[in-house]
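**Student:** A predicted structure for the sequence below; I have some questions about it.
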Amino acid sequence: MNSFIRNAVFLGAIGLGIAILWAMLPTDATLATPATFRPNSNAQSTIRKVAAEVDAAFKGDWQKQNITPVGLADDLNVVRRLYLALNGTIPSVQEIRAIENIEPDQRVHYCVSRLLEDGRTHDYLAERYTRAFVGVEAGPFLLYRRRRFANWLAKEIKANRPYDELVRQLVSDDGIWTDSPAVNFYTRNIIPDSGKEDKPDPVLLAGRTSRAFLATRIDCLQCHDDFTDEIHVGDPDSPRGGEQTDFHHLAAFFGGTRNSFFGIHDIENDDASWKYQLLHDDTETEIEAMVPWQSELQPEQGPLRDQLAGWITHAENRPFARAAVNRLWAIMTGKPLVDPVDNIPLSGPFPAAMETLANDFINSQFDLQRMIEVIAETRAFRLQSDSQFEITQQHHDANAVFPLTRLRPEQMAGAVIQASSLSAINNDAHVIRRLGKALEQMEFVSRYGDPGENEFDQRGETVTQKLLMFNGEMINRRISDGSMSSAHIADLSPDTDSTIETVFLATLTRRPSEEEMKWFKQRFALQKNQSEAVTDLYWSLINSLEFGWNH
């Protein structure tokens, strides 16, 4: 019996080893054409029409400011931007080859169609929105399931659920946090060890609601009136300065929200009222639930949270659409149209391009995937990041140049891991490859550092981060492992030119210039071992400034 068990374990180990090696081998399998890729369709023409309107809005701003925009980036540069923005990684050589087989004027449409059907995109966008909706902290133990929340968001994004429906569920849902993932929006805001574990904090909820869904920092009014004339509420056409009561009127919508054995629910007794001791008062005051502007859009019937959800997502409540546009633009370009991303003045001024995108977002019944397609088709998204003439701060402020942004930690890890494989490490890849990627990425981000919720703040690279790139175990293992793409390129490339070109495509998503090709060919000629030469080239490109930036 013992012999039988030993043989079974031995054979199982051999089988696992073969599976791992098989999973790491590159594949030449043809990528399936995306189901939504329909060149010259009516849907594509309407998307391009809206993109042209956005372009006209930017052009008008440039002419008013006498700004000359930079030229257009090449196709592969735009493709790299799209993969980093939507997938959190760079395209594989396999995907690049497929894209280059498409007609030039259809490549962006093809790329976006492929990405919107890619499970990696659903997961990555879900994580970016999870940061805005519930933050990055672990939250209260047992009562909060962040991963459950993110998985639910990924499914909704995959199904292209209208954004207003998604937010309405977030604000109004009931139930247990495991069975009703949306209620983690509430359980995240339960303060542990406060003695109030049965009640999500209305103050935290009001602040998160105003910033995430309305891009208004009304939470700055929690303790006192606005003395700086920066926070406006009331009639958007004739706004007034914010007062402390405005914030607590919003918090009062959550006064009756409770957590119990049956999960998140609302109560309708005297305890449901929201009481708060305002500045200069000696006692608590009962505060009525009221929205901070356009109260005529608030439903008159139903539970308070349902009324609030209806008001937030109302088609005529433009701050909701503007907030969604500003955040998605920031995710795709690294820089919001209005900075900070969660602080758009109620009465403007608003960028003309943002208003155009908001109009189309509302008219499309809050179609998030459509907005992604529109942004990808705009000229502003396809501009270069450099130019032959001097680029000033005015160019950056007017979106007359594509913003240079440092890769986020998970993007950096994803790019390194993908660069080491000629084929795409997507949801069709072997489970062992996907699991290995997830574990390596998690370890890398923990060491590299997470930007937290302030994810659009640009920061310089630290010495620790640079050392991790130079000497990190993941990078050295990925580029020197005999089962990775560096070894396959060295063994299978017919000549030095194709070797260098493939490494450039795998890492920088472009081909080398004539000068680069000449220099690296000279370096290869000095190397007796071609595998070592390829490894050195990989290491050099991955640690170059170009690799670590989106441009």
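**Tutor:** Nice, I can see it.
**Student:** make it CA atoms for all contacts and neighbour counts henceforth
**Tutor:** Fine.
**Student:** for residue 460, what are its contacts?
**Tutor:** Shown in contact with residue 460 (Cα atoms under 8 Å, 6 or more residues apart in numbering): no residues.
**Student:** wait, a helix at it?
**Tutor:** No. Read with DSSP: H, G, I helix; E, B strand; the rest coil, residue 460 is coil and lies in no helix.
**Student:** any idea how far it lies from residue 542?
**Tutor:** 18 Å (Cα to Cα, to the nearest Å).
**Student:** equivalent analysis for residue 353, please.
**Tutor:** Using Cα to Cα, residue 353 is found at 35 Å from residue 542.
**Student:** residue 350 too?
**Tutor:** According to Cα to Cα, residue 350 and residue 542 sit 39 Å apart.
**Student:** more neighbours: the two, which one.
**Tutor:** Neighbours were counted for residue 350 and for residue 542 using other Cα atoms under 10 Å; residue 542 has more, 24 against 14.
**Student:** wait, doesn't that one sit right on residue 417?
**Tutor:** No. If you go by Cα atoms under 8 Å, residue 542 and residue 417 don't touch, sitting 10.6 Å apart.
**Student:** mind listing the strands for the stretch 351-500 of the chain?
**Tutor:** In the stretch 351-500 of the chain, the strands defined using DSSP state E, counting those that start in this stretch lie at 405-406.
**Student:** show me where it has helices.
**Tutor:** Using DSSP state H, counting those that start in this stretch, the helices of the stretch 351-500 of the chain run over residues 352-363, 368-377, 379-382, 393-397, 409-419, 431-448, 463-471, 473-480, 485-492, 496-508.
**Student:** just send these back as JSON lines, with mean pLDDT too.
**Tutor:** Converted to JSON lines, the helices of the stretch 351-500 of the chain look like this (pLDDT from 0 to 100):
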{"stretch": "helix 352-363", "mean pLDDT": "98"}
{"stretch": "helix 368-377", "mean pLDDT": "98"}
{"stretch": "helix 379-382", "mean pLDDT": "97"}
{"stretch": "helix 393-397", "mean pLDDT": "94"}
{"stretch": "helix 409-419", "mean pLDDT": "92"}
{"stretch": "helix 431-448", "mean pLDDT": "84"}
{"stretch": "helix 463-471", "mean pLDDT": "82"}
{"stretch": "helix 473-480", "mean pLDDT": "76"}
{"stretch": "helix 485-492", "mean pLDDT": "69"}
{"stretch": "helix 496-508", "mean pLDDT": "94"}
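**Student:** need these in TSV with distance to residue 113 and mean neighbour count, can you?
**Tutor:** Below are these laid out as TSV (distance: least, Cα to Cα, whole Å; neighbours: other Cα atoms under 10 Å):
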stretch	distance to residue 113	mean neighbour count
helix 352-363	18	20
helix 368-377	8	22
helix 379-382	17	23
helix 393-397	29	15
helix 409-419	20	25
helix 431-448	22	16
helix 463-471	33	14
helix 473-480	29	18
helix 485-492	27	20
helix 496-508	21	21
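**Student:** ok, which of those comes nearest residue 300?
**Tutor:** Across these, residue 300 has its closest neighbour in helix 352-363 (22.6 Å, Cα to Cα).
**Student:** may I ask which helix or strand of this structure has the lowest mean pLDDT?
**Tutor:** Here the helix or strand of the chain ranked lowest by mean pLDDT, DSSP states H and E is helix 2-24, holding a mean of 45.
**Student:** helix or strand right after that one?
**Tutor:** helix 42-64 (DSSP states H and E).
**Student:** give me the buried positions along that next one.
**Tutor:** 44, 47-48, 50-59, 61-62 (16 or more other Cα atoms under 10 Å).
**Student:** so which elements touch it?
**Tutor:** When contacts are defined as 3 or more Cα pairs under 8 Å, 6 or more residues apart in numbering; DSSP states H and E, helix 42-64 sits against helix 352-363, helix 368-377, helix 379-382.
**Student:** redo those helices as CSV? Include distance to residue 132.
**Tutor:** Below are the helices and strands packed on helix 42-64 laid out as CSV (distance: least, Cα to Cα, whole Å):
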stretch, distance to residue 132
helix 352-363, 19
helix 368-377, 16
helix 379-382, 23
